[in-house]
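Chemist: The amino acid sequence is not available; the structure is as follows:
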């Protein structure tokens, strides 16, 4: 693992205990975006880069009772905070998006919320997402800022995430097509970044 990635992991570990206090996510906006996904009948969902579990109450509301949600974060303390919320059908684990600890074709949906710029190798992470998705399963990359807004924000920060960049939406769409996804939606505009693709 590169030194930069180790520093980023430690950065998020250090922030985990106070993350929910420092970060305020507009639940209604997130719910509106997630409602566009095909998760209502999903048997299994992967919350990729779950942080402290910001999506948990929304996923619980939008999915069927009994839908299994596996939530990973590469920062162990983030996963600990997520696990402390004790949602019955949610399983938070510390794991790396570049080497997912799941069998092939396990998930109906993979959701990456506010995480994509932090992947050391975007292509490797996307290939892992494709591997664990069922045929026809959906991958969604979501941010509450455009790529330009997010990159400008990261540039103002100090520390290891300063240079973490989110690729422009159409660029991600083209990359997904090369990786044998069928791109269903690309939105990259002020206040929203939403890319949804299906495993072909």
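Modeler: Alright, I've got the coordinates. All values reported here derive from a predicted model rather than from experimental measurement.

Chemist: Which strands border the longest strand that the chain contains, and is each parallel or antiparallel?
Modeler: Ranked by residue count under DSSP state E, the longest strand found in the chain is strand 133-143. Strands adjacent to strand 133-143 in the sheet, as given by DSSP bridges, are strand 107-113 (parallel), strand 192-199 (antiparallel).

Chemist: Out of those strands, indicate the one that is most buried.
Modeler: strand 107-113 (a mean of 24; mean count of other CB atoms under 10 Å). Glycine gets a C-beta too; all of them are placed from N, C-alpha and C.

Chemist: Show residues contacting it.
Modeler: Strand 107-113 is contacted from outside by 30, 34, 37-39, 41-49, 54-55, 70, 129, 132-134, 137-143, using CB atoms under 8 Å, 6 or more residues apart in numbering.

Chemist: Mind checking which of these are buried?
Modeler: The neighbour count (16 or more other CB atoms under 10 Å) marks 30, 34, 37, 39, 42, 44-49, 54-55, 70, 129, 132-134, 137-143 as buried among the contacts of strand 107-113.

Chemist: For the worst-scoring helix or strand of the chain on mean pLDDT, which helices and strands make contact with it?
Modeler: Ranked by mean pLDDT, DSSP states H and E, the weakest helix or strand in the chain is helix 3-15, scoring a mean of 80. In terms of contacts (3 or more CB pairs under 8 Å, 6 or more residues apart in numbering; DSSP states H and E), helix 3-15 is packed against helix 76-83.

Chemist: And the strands in this protein?
Modeler: Counting by DSSP E, the strands of the chain are 44-48, 68-73, 90-94, 107-113, 133-143, 181-189, 192-199.

Chemist: I appreciate the help and will end here.
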